[in-house]
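Undergrad: could you work out the structure for the sequence below:
(2 chains)
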Amino acid sequence: MEIKVNGTTYSVDVQDDMPLLWVLRDELGIRGPKYGCGIAMCGACTVHIGDTPVRSCSFPVNQVFDDITTIEGSPSLSVTEAPTTLNTVQEAWIEHQVAQCGYCQPGQIMSAVALLNNNSSPTDEDIDIAMSGNLCRCGTYPRIRAAIKTAGNRIIDQASIIKLSGVNNG
Amino acid sequence: MGKLKTFTRRSFLIGSSAILGGIAFGYYQYKKPQKNPLIGKTKLGESILTAYIKIDQSGVTIITPRAEMGQGVHTTLAALVAEELDLNWQDIKVEHGPASATYHNAAVLAEGVPFAPTDQGVLASTIRSFTKVPAKFLGMQITGGSSSIVDAFDKMRIAGATAKAVLIEAAANELIVKKSSLFTYQGHVVCHDGRKLSYSELAEKAQSIEPPQEVELKKQVDWKLLGKSLPRVDMVEKCTGKAEFSIDIHSDDMLFATVKMNPNLGAKLNSYDAAQAKAMPGVKNIVQLGNKGIAVIATNTWYAMKAANNISFDWEKASYPHSSAEIFETIENSFDENLLDSTFKEEGNIQLALNPSIADPISGEYKVPYLAHATMEPMNATVLIGDYQIEIWAGNQNPTQIVKEALELTSFDEDHIIVHTTYMGGGFGRRAEMDFIKYAINIAKHSIGRPVKVTWSREEDTTHDYYRPSAVAKFKGVATSQGIQVLDLQIACPSVLTSQMARVGIPLHGPDISIVQAAWEQPYNIENYLVRGYRVPEMLPISSWRSVGASQNGFFHESMIDELAFQGGIDPLTCRLNLISHKPSRLVIQKAAEMANWDVKRPDNIGLGIAFTLSFGVPVAEVVEVENTPNGIKILNVYAAVDVGIALDPRNIKAQVMSGIIFGLSAAVMGEITVKDGKVEQTNFHQYDALRMNQSPNIEVEVLENGEKIRGIGEPGTPPAAPALGNAIFAATGKRIRELPFNKSITFV
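TA: Here you go, the predicted model:
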C-alpha cells in the first residue's frame, strides 16, 4: 500500500493491521513519533492524518484516510512564506524551554498543533481537554500551557498582519 | 579573588587521534595523594585520565561526563567549561562522554554517610571526603543522587581554565607577545594590539604545551554564563523530533526484538511453546534468555511484540509473598529488634518522655506502596556484536557498569566494548539498572554482525521494574501548645542499597542510610527525638526511584509533624519555625509561606498544607493549596522554595523543582503497584497513571542561595509534595490520610 508522510509518498509492504507508528518508525525511518504505551493512553505517538490528531500506536496502517504529518513535517520556510502552525508551536516550545527529557514532546506538540488549528485562543479548559491525553512524566505541563498560549497569540498576530498587508510575508 | 586550585602530576594526553579525530584538551593526569591507605592497597594509585574538551576545525566540543535524562545536566555542565573558556554559548557543541572510570562520580557517595547534610563539621567533612576514594575505586560513572553538579562544579571549571591557559600560551608563542598582553573572548585569544586567533587555529599547538600547575577560576561576580538562565543545548532537537533516544538508533540492516520475562520476578522459565509465534510474519528467531524468559527477533518491533504475545509459558512461581496483603504483613512483622538497621537519631529520653503518667502521646501508622518508574521511553537498548568489538547504544545512568556487564557476558576486552550513551526518555533511577542492557547483549549474540534493537513493551516495562519499595512507619509523639516535645519514628523498609549493590557485585555491610533518609537528619530541634530503621527482607526487586528513601520518608516525617502540630493546637508553619534553627531551612520555609500568603484566611473548603524536607543537602519547603469541591479534591496551587547554595541556571532549577513536584504529586494521588499471584497487577498507563494536564496545578518556585555549598536539584523537589498535599487535604476536610496513594481514601477532581 501507499501512504504519504510529510509530503513524500512511500510504498509499504507490511501486514494490514500493523499500527501506523511501527510503519513510520521501523519501516520508513520516521522516528519523531514515539512508542510509549501501545494502547493510546500516553499520546507520545501522536501524528496527524489530515487535520485529525491520532494515536498512531493504535491506528492500523490500512485505515489511513489522508496524508500524514509528523513532528518532522515542519517546513523550512522561504522568506515569503507564512509559518505553519507547527512552525509556530515549535518556536513557542523553544521560547518557553518546554522540554526536559523530551520524549513525549513530539506527541505534545502535534496535539497542540491540532488544538490551535481549530482554536487559536484556547481557554485553560480547552487546553485541558485537548492535552490531557498526552502524558509527560517530567511534568512539563505548566510550560506546555504557557507555550500554547504564546503560539495562539502569534497565530492571531500573523493572521492580522496577512490580512492588513495582503501578503504572506509576515 | 578567585579560587586557586592545585593538582599534582598533570600532563596532557598527546595525540589528536585519541578522540574522534579532534584534538584532546583539558586532559590531565591526576594522582590521589598517598595518604589514604585504600589507594596504596590497590592499583588505583595509578593515574586516572580526565577529558572534557576537544577542539577541532569546527570549534569546541564539551564532553559531559553525566547523562541527560531531562534534568538539563548537559547544559549546565557545558556552561561550567564554557564560562572559564570564554566560549560563545551559541557556538558550543556537547557530547556525552564514553564509558570511562575517568568520569567517575566522586560526589555520589558523599551523602551516604551518617552525617546530616547540615553538619559541616570536621569529622563529617573528613568522612565525606573519604567517599571520593571508593567512588574513584569503583570508577562508577553514575548519573544520580542529585550529585552531578556537586561533582562537576570544580572539575569542569578547572578543565575550562586549564585549556584556556594553554591556548593563551600557544597564542603568545604564535604572536611572539607576552601572555599578559592576551585575553580570551568568544572562542578567541585576542591580543591588545588587535590581532586574534581562534581556538581552532591554536588547538594543535596548544595541546603539546604542559598545562600550568595552578589555574585561577573566575570570580562569581565575573560570570557571564553561570548564574544565568541559558537556552538548553538539547531544546531545539527535542522540539523538532530530531533528538535521538536509544529507541531511535537505526541502521538499514537492523533487526528488532522484544522480550518476555517471567512476571514472577526473579523466578525461572520452566517451559514455553512458541510454535505458533515462530510462524508469524516478520519473525526471524525466538531465543531463550538464560532461564528467565525469551526474546523474539523480527523485522519490525511490532511483529516481535505480536509474536511474543502468542507464546504460551509455564513460569516458576515467585519466591516472595504472592499478594500485597502478605507483603505488607512481612513489613509489619519487621518492627523487630533483630531487624533493627539503624538508630541514627537519638535525642533525649524517649521512654521517659512517652510515659503516660507525664504525657499524653498520640500515635499512628503510615504506609506507602511499591512504585514503578514508568519512564516515558520504555526500556530498550541496541547492540551490535562484530568480529572484534561490541557496540552498545542505551540511554543509561551508569555506562561504566555496562562495560563490566559486557566483560562478563562476552569475550571482548575493555578496549573493544563501546558504549554509546544516548538521551534518555526519562530515567528517575530506572536506567541505572542493567537488566535491559544485559538482555540486549545476549540477544545480539544470536545476530552477529547485525545490530538488534530490543524494545520492551510498556507491559513488560511496568511489570518488570525495580520498584520503589513499600514501607511502613509508626510514630508516637507528644505536643502541647509549647510545641512538639517528643517524636519517636520507626520505619520498616527493604534496603534499596543492598539490593542495588548486590546486582553490581558489591556487598554492603552495615546500616542502609536510605531506609531512614530524610527522616533521621531533618534539622528539627525536638527534645526527645528518636528515628529507627528496620530492614525488611527484600521481596520485589527494588531500586532508586527519584529521591530514593526521601520519597516515602518525607511523607512519613512531615505528615507526623503536622499531626503533632494539630495535637498541640499550633499553626503548622509556626510549629516548624519554632523547631528549626538551621538558617537556610528556615528561609525556604518562610519564603514558601510568604509565596502562598499563608496568613491570609481562606474559605473553609480551601486548605493549605506545608511540608519541609531536607534531602540531598537541599532544604525544600512546599505549600499545597487544595479545594474541597463537590466532585472531590482539586489541587489548585503549589508554592515551593528551595536552596541550592549557588544557582547556576535558575530557570532550569525551577523546571526541575516543578518536575519533582508533579512527580511526587502523581505518586501521592494515584501511584500504586500491587501484587497478585506473585505478579505485578498494573500493566500499562490505564492502571498506573500520573497527573495529566487537567490535574496539574499552578506551581510557583523560588530559588534561594543561602546554603553551605552547591547542590543538585533533580530529586529534592519530590519528597515534600506528598506530605504537603496530605496536610492540605487535612486542612480542607479534617481527614488525615495515612496511606498512599490518597485516591484510595478520597476522590480527586
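Undergrad: how close does the one residue sitting closest to the centre of chain A sit to chain B?
TA: Nearest to the mean C-alpha position of chain A, by C-alpha atoms, centre = their mean, lies A:M110 at 1.7 Å. A:M110 is 9 Å from chain B, where distance means C-beta to the nearest C-beta, to the nearest Å. Any C-beta I mention is one placed from the backbone N, CA and C, and that applies to glycine too.
Undergrad: so that residue sits against A:I68, correct?
TA: No - between A:M110 and A:I68 there is no contact under C-beta atoms under 8 Å: 10.7 Å.
Undergrad: common neighbours of these two, please.
TA: A:47-48 (C-beta atoms under 8 Å, 6 or more residues apart in numbering or on different chains).
Undergrad: list the contacts of A:N62.
TA: Contact analysis of A:N62 by C-beta under 8 Å, 6+ apart lists A:1, A:16-17.
Undergrad: where in the chain is pLDDT low?
TA: Just going to use chain A. Where chain A drops to pLDDT under 70, the residues are A:166-170.
Undergrad: that was the other one, I meant chain B.
TA: For chain B, applying pLDDT under 70 flags the ranges B:1-50, B:111-112, B:130-138.
Undergrad: center of it - which residue?
TA: B:G144 (3.3 Å).
Undergrad: doesn't that residue fall inside a strand?
TA: No - looking at B:G144 with DSSP: H, G, I helix; E, B strand; the rest coil, it is coil, so not inside a strand.
Undergrad: now do the same contact list for it.
TA: Taking C-beta under 8 Å, 6+ apart, we find B:G144 in contact with B:105, B:108, B:397-398, B:427, B:429, B:432, B:544.
Undergrad: likewise B:M424?
TA: Applying C-beta under 8 Å, 6+ apart, the residues contacting B:M424 are A:101, B:67-70, B:245-246, B:375, B:377, B:395-397, B:431.
Undergrad: of these, which is the nearest to B:D253?
TA: Checking the contacts of B:M424 against B:D253 with C-beta to C-beta, the nearest one is B:S246 at 17.8 Å.
Undergrad: which of the contacts of B:G144 fall within helices?
TA: Here DSSP state H is the test, and these give no hits in helices at all.
Undergrad: out of these, which are close to chain A?
TA: Among these, the residues that sit close to chain A (C-beta under 8 Å from any C-beta of the partner chain) are B:G427.
Undergrad: per-domain residue ranges of chain A.
TA: Domain segmentation of chain A under automatic domain parsing yields A:2-73, A:85-165.
Undergrad: residues in contact with the lengthiest helix in chain A?
TA: Ranked by residue count under DSSP H, the longest helix found in chain A is helix A:141-165. Outside of helix A:141-165, the residues within contact range by C-beta under 8 Å, 6+ apart are A:82-83, A:85, A:88-89, A:91-93, A:95-98, A:108, A:112, A:115-116, A:119-122, A:124, A:127, A:131, A:136, A:168, A:170, B:655, B:658, B:662, B:691-693, B:696, B:698-699.
Undergrad: any quick PyMOL command for the buried ones out of the residues you listed?
TA: This is how PyMOL selects the buried members of the contacts of helix A:141-165, with burial counted by 16 or more other C-beta atoms under 10 Å in any protein chain shown:
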select buried, (chain A and resi 82+83+85+88+89+91+92+93+95+96+97+98+108+112+115+116+120+122+127+131+136) or (chain B and resi 655+658+662+691+692+693+696+699)
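Undergrad: can you tell me which of the contacts of helix A:141-165 are in helices?
TA: Using DSSP H, the members of those that fall within helices are A:85, A:88-89, A:91-93, A:95, A:108, A:112, A:115-116, A:124, A:127, A:131, B:655, B:658, B:662.
Undergrad: re earlier: name the residues of the longest helix of chain A that are buried.
TA: By 16+ other C-beta under 10 Å, the buried positions in helix A:141-165 come out as A:141-145, A:147-152, A:154-155, A:158.
Undergrad: nearest to chain B among these?
TA: A:Y141 (3.9 Å; C-beta to the nearest C-beta).
Undergrad: could you measure B:V233 against chain A, distance?
TA: Counting by C-beta to the nearest C-beta - B:V233 and chain A are separated by 11 Å.
Undergrad: which ones are touching whatever residue of the stretch 301-450 of chain B ends up closest to chain A?
TA: As assessed by C-beta to the nearest C-beta, chain A sits closest to B:G425 within the stretch 301-450 of chain B, at 3.0 Å. By C-beta under 8 Å, 6+ apart, the residues touching B:G425 are A:34, A:101-104, B:245, B:247, B:375-377, B:395.
Undergrad: going by neighbour count, list what's buried in stretch B:189-205.
TA: Of the residues in stretch B:189-205, B:189-191, B:196-203, B:205 count as buried by neighbour count, 16+ other C-beta under 10 Å.
Undergrad: hang on, the earlier thing: could you restrict the contacts of A:N62 to the ones contacting chain B?
TA: Answer for these near chain B: none qualify (C-beta under 8 Å from any C-beta).
Undergrad: redo those residues as TSV? Include neighbour count and secondary structure.
TA: Formatted as TSV, the contacts of A:N62 follow (neighbours: other C-beta atoms under 10 Å in any protein chain shown; DSSP: H, G, I helix; E, B strand; the rest coil):
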residue	neighbour count	secondary structure
A:M1	12	coil
A:D16	9	coil
A:D17	11	coil
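Undergrad: of these, closest to chain B?
TA: Of the contacts of A:N62, the one sitting nearest to chain B (C-beta to the nearest C-beta) turns out to be A:D17, at 9.0 Å.
Undergrad: surely that closest one and A:S58 touch.
TA: No - taking contacts as C-beta under 8 Å, A:D17 lies outside contact range of A:S58: 10.8 Å.
Undergrad: enumerate the residues of the stretch 601-749 of chain B near chain A.
TA: Applying C-beta under 8 Å from any C-beta, one finds that the stretch 601-749 of chain B approaches chain A through B:651-652, B:655, B:658-663, B:666, B:684-686, B:689-696, B:698-699.
Undergrad: measure stretch B:399-419 end to end?
TA: 7 Å (C-alpha to C-alpha, to the nearest Å).
Undergrad: and it, what's buried?
TA: Those would be B:399-406, B:409-410, B:412, B:417-419, for stretch B:399-419 by 16+ other C-beta under 10 Å.
Undergrad: what about those, which are in strands?
TA: B:417-419 (DSSP state E).
Undergrad: and the closest residue to B:S181 other than its chain neighbours, how close does it get to B:E169?
TA: Of all residues not flanking B:S181 in the chain, B:H192 sits nearest, at 4.9 Å (C-beta to C-beta, 6 or more residues apart in numbering or on different chains). Noted for B:H192: a distance of 16 Å to B:E169, by C-beta to C-beta, to the nearest Å.
Undergrad: good, we can wrap up now.
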